[in-house]
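Asker: I need the structure of the sequence given here:
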Amino acid sequence: MDTVVKMTAVTVLLFGLARGSAELQQTCEYKAVGESTLISLQPPSSCKEESLTWKLNSNEFLSRKRNRVRNLIHSVNITADGSLQLKNLQMDGAGVYEAMVYDQNGRLCYNTTKPLCVMERVSKPSVSHKCSEDAVILTCNTKKSETDVTFEWSLNSQKIEGKVEKTFTVNGRPKPSDTYSCTARNKVGEEKSNDATIQCLDVQMSASVTWPNGDVREGDKVTILCTSSLHVDTFFLWRPKKSSPRMESKNGEFSLKNVEVDDSGIYTCQPQWLSGHPVFSRNATVNLLVSHREETQTEQITSGKHASFSPLNGIFYLLVSVFALVTYI
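Answerer: Now for the predicted structure:
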């Protein structure tokens with residue numbers, strides 16, 4: 001039988017039938033891919049079989065008349081009493097199986113239906129965790145394609161009541177001796193993860209700005225340095241303007257050339273660990289203030305940081321000196 005849909009969830013061809021999907025779901029027999037099952041046929045003694053027809057989702061695939069069998073599915077066998085033996089079930093074997101028994105007069109004397117659902121077995125899960133400032137988030141990881149999965153969490157091999165979600169939050173920091181595990185379960189089986197210990201590394205981040213001379217002025221070259229107490233695979237620098245692309249550096253050093261006044265603002269250093277360290281780190285920020293070059297020069301002159309002399313100033317100082325000398329004589 002050709003595969004109709006490849007899914008790891010239930011192939012529910014039967015749920016779209018007009019007979020009422022909710023009712024069929026409740027009566028559906030669930031089997032795992034690769035399993036075998038028997039769909040029994042038990043007509044009343046008053047129903048003397050002359051011919052028998054089996055259908056899957058309204059499509060006839062097997063018929064028997066006077067012990068002559070016509071079968072379109074090689075993985076299905078029929079027993080002497082008309083029951084079906086289904087071997088090595090696959091997704092396309094899911095649906096509504098219907099049997100119709102006719103007597104010697106061609107009258108339908110018995111009719112029965114059997115909904116069958118086929119699912120992949122749940123995969124073995126694994127526990128991962130992510131550290132925040134005051135908590136740890138645990139995740140029970142299964143294949144992304146798996147659906148209709150429920151979860152159970154255990155601490156030191158003891159079930160944690162009420163924790164049935166894929167993620168589980170532990171407040172604070174777990175003890176070094178604590179072990180966590182999760183069990184993933186669907187309608188055809190369950191799998192338990194290995195025990196996992198939880199360790200969080202609290203990383204300290206810092207950021208600083210360096211430049212060659214005094215205040216930062218337009219046209220200057222500025223260096224922003226991001227540092228961490230733990231080795232970081234990649235540093236990212238986010239600029240004040242949201243429209244500006246982030247910068248990337250392996251050593252945490254970022255050069256800003258020919259800065260402008262519009263470059264002023266808060267710069268954010270963000271670390272990234274490619275190996276998935278269970279760390280918690282606050283992003284580091286630094287404030288950069290860029291001044292207009294003309295305004296800065298004016299301020300420096302006013303504050304006496306620079307002395308400036310013109311020819312007129314020289315003549316003025318000479319006349320004052322001569323006048324003082326004549327007066328003294």
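Asker: Now the closest residue to residue 71 other than its chain neighbours: which helix or strand?
Answerer: In this structure, residue 71 finds its nearest non-sequential neighbour in residue 62, 4.9 Å apart by CB to CB, 6 or more residues apart in numbering. For the C-beta atoms, the positions are set from N, CA and C on the backbone; glycine is no exception. Here residue 62, judged by DSSP states H and E, is contained in strand 59-65.
Asker: In terms of secondary structure, what does the following helix or strand past that strand contact?
Answerer: Scanning forward in sequence from strand 59-65 by DSSP H and E, the next helix or strand is strand 68-71. Judged by 3 or more CB pairs under 8 Å, 6 or more residues apart in numbering; DSSP states H and E, the packing partners of strand 68-71 are strand 59-65, strand 76-78.
Asker: Dump strand 68-71 to PDB, keeping only the CA atoms.
Answerer: Only the C-alpha atoms of strand 68-71 are listed here, as PDB (Å, rounded to 0.1, in the frame of the first residue of the first chain):
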ATOM      1  CA  ARG A  68     -11.500 -17.900  -2.800                       C
ATOM      2  CA  VAL A  69      -9.600 -14.900  -1.500                       C
ATOM      3  CA  ARG A  70      -8.700 -11.700  -3.400                       C
ATOM      4  CA  ASN A  71      -6.200  -9.600  -1.400                       C
END
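Asker: Note down every partner strand of it and its orientation.
Answerer: Pairing partners of strand 68-71, with direction, according to DSSP bridges: strand 59-65 (antiparallel).
Asker: re earlier: tell me the buried residues in the strand holding residue 62?
Answerer: Of the residues in strand 59-65, 61-64 count as buried by neighbour count, 16 or more other CB atoms under 10 Å.
Asker: The helices and strands packed on strand 68-71: which one's closest to residue 31?
Answerer: strand 76-78 (13.7 Å; CB to CB).
Asker: next SSE after that closest one?
Answerer: Criterion used, DSSP H and E; the element after strand 76-78 is strand 84-86.
Asker: Can you list the strands that that next one pairs with?
Answerer: Here, using DSSP bridges, strand 84-86 pairs with strand 37-39 (antiparallel), strand 76-78 (antiparallel).
Asker: Kindly reformat the ones you listed as TSV containing distance to residue 180.
Answerer: Compiled in TSV, the strands paired with strand 84-86 are given as follows (distance: least, CB to CB, whole Å):
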stretch	distance to residue 180
strand 37-39	36
strand 76-78	45
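Asker: looking at those strands, which is buried most?
Answerer: A comparison of the strands paired with strand 84-86 by mean neighbour count, using mean count of other CB atoms under 10 Å, puts strand 76-78 on top with a mean of 17.
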